[in-house]
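> I would like the atomic coordinates for the input below:
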Amino acid sequence: MKLSTLIKAEKLVPIRYLRPYVAKILTQDSMTSQGYERACMRLVDPNLISEPLPLSLQPKWWNVDPIVKANRLGLNLTLDLRDNIQRCIYFTGKYEPQTLALIRNELQPNDVFIDVGAHIGIHSLVAAQKLKSLGGGQVIAFEPTNDSQKRIIENSKANHLAISLQKIALGNQSETLSLYGDKNWGVHDAAVRSFFGNGAIIQEVEVHKFDDWIKQSSLNKIDVIKIDAEGAEFDILKGMSNSIQKFEPRCLIFEIKESLLKKANVSHQDILVLMKNLGYQPEQQVCEGNYFFRRISS
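Residues are numbered from 1 along each chain as shown. Have a look, this model is predicted:
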């Protein structure tokens, strides 16, 4: 069945019955990187794009009965289709494939994986699944927002995976800050929330330094760190600098997007200098905006 036929059928058949068939088509289209990008573009509200792709889905495809259960990425997931990232996962069966592959390949038995800005926990779930297959390890996810926390708890239980959820944000000092949405996206688009957003206040969140948090924990090692915090990466890294120097994790994966860093009055170069001072250098850019840093051999 063609995508165009399914879109036309929305006038006769409830959308919730059509979505699995659309997902099957878009998942097939996403087998190539170019096809994946096009599929994701078809899932963005056409009203937000100057030149939307033909056969783009309208918002009713995700606003009607938005909470769905599906097996994606080898995981049993509850997803909120009103969030663009969760929508892409449902319809394409993919999310940051290069980054997830790197995490799977990097993890070793008994590793400690730190996920900062966990969103709904996809990176944490993939890491926990991998460590479980290796015989054990630990996953610690930092996520301050209530709705995303709910998804992490639901999805970790559904997959019988152990994730230690820390319901705080990380930064370079202890404080309470407003987390904002983006006016160009819906309030349910959790992945674009930031301290520098231009939309409505989503939630007041507690912010702490990782270096302070770890003193109250029983951790005695850190192996892999992933950070995605929409421009707050520099402050987070500064707030965990002592821990990085002490535990010398093998690698860090985090987002460096100039447009987001600019809102925090930070540059790409500032992060590179900080990482070099901590003993790390970029090894590769794994996908748009995400960089992989490896510890410099002494």
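> Can you tell me the element the most centrally placed residue in the chain falls in?
Central residue of the chain (CA atoms, centre = their mean): His119, 5.2 Å from the mean position. Using DSSP states H and E, His119 sits within no helix or strand.
> What does it show for phi and psi?
phi 60, psi -130 (degrees, to the nearest 10).
> my read: it touches Val192, true?
No. Taking CB atoms under 8 Å as the definition, His119 is not a contact partner of Val192, at 10.3 Å. Placement of C-beta: from N, CA and C, glycine included.
> Show me the shaky parts of the stretch 51-200 of the chain.
The stretch 51-200 of the chain contains no residues with pLDDT under 70.
> related to what we said a few turns ago, list the residues that contact the residue nearest to the centre of the chain.
Ile85, Glu143, Ser148, Ala190, Ala191, Asp228 (CB atoms under 8 Å, 6 or more residues apart in numbering).
> go with 7 Å
Ile85, Glu143, Ser148, Ala190, Ala191 (CB atoms under 7 Å, 6 or more residues apart in numbering).
> How about the last one: what's its closest non-neighbour residue?
Nearest residue to Ala191, sequence neighbours excluded (CB to CB, 6 or more residues apart in numbering): Ile85, at 4.5 Å.
> who does the helix or strand containing the one you found touch, helix- and strand-wise?
Assigned by DSSP H and E, Ile85 falls within helix 84-92. Helix 84-92 sits against helix 15-29, helix 33-41, strand 67-72, strand 75-80, with contacts defined as 3 or more CB pairs under 7 Å, 6 or more residues apart in numbering; DSSP states H and E.
> I'd like these as TSV, with distance to Lys209 and mean neighbour count appended.
Below are the helices and strands packed on helix 84-92 laid out as TSV (distance: least, CB to CB, whole Å; neighbours: other CB atoms under 10 Å):
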stretch	distance to Lys209	mean neighbour count
helix 15-29	41	17
helix 33-41	35	16
strand 67-72	34	15
strand 75-80	31	20
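> For Arg104, find the nearest of the ones you listed.
Closest approach to Arg104 among the helices and strands packed on helix 84-92 (CB to CB): strand 75-80, 12.7 Å.
> hey, C-alpha coordinates of the closest one in PDB?
What follows is strand 75-80, C-alpha atoms only, in PDB (Å, rounded to 0.1, in the frame of the first residue of the first chain):
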ATOM      1  CA  LEU A  75      12.700  -2.300  23.100                       C
ATOM      2  CA  ASN A  76       9.100  -2.300  24.300                       C
ATOM      3  CA  LEU A  77       8.300   1.400  24.400                       C
ATOM      4  CA  THR A  78       5.400   3.600  25.500                       C
ATOM      5  CA  LEU A  79       5.700   6.700  23.300                       C
ATOM      6  CA  ASP A  80       4.000  10.100  23.200                       C
END
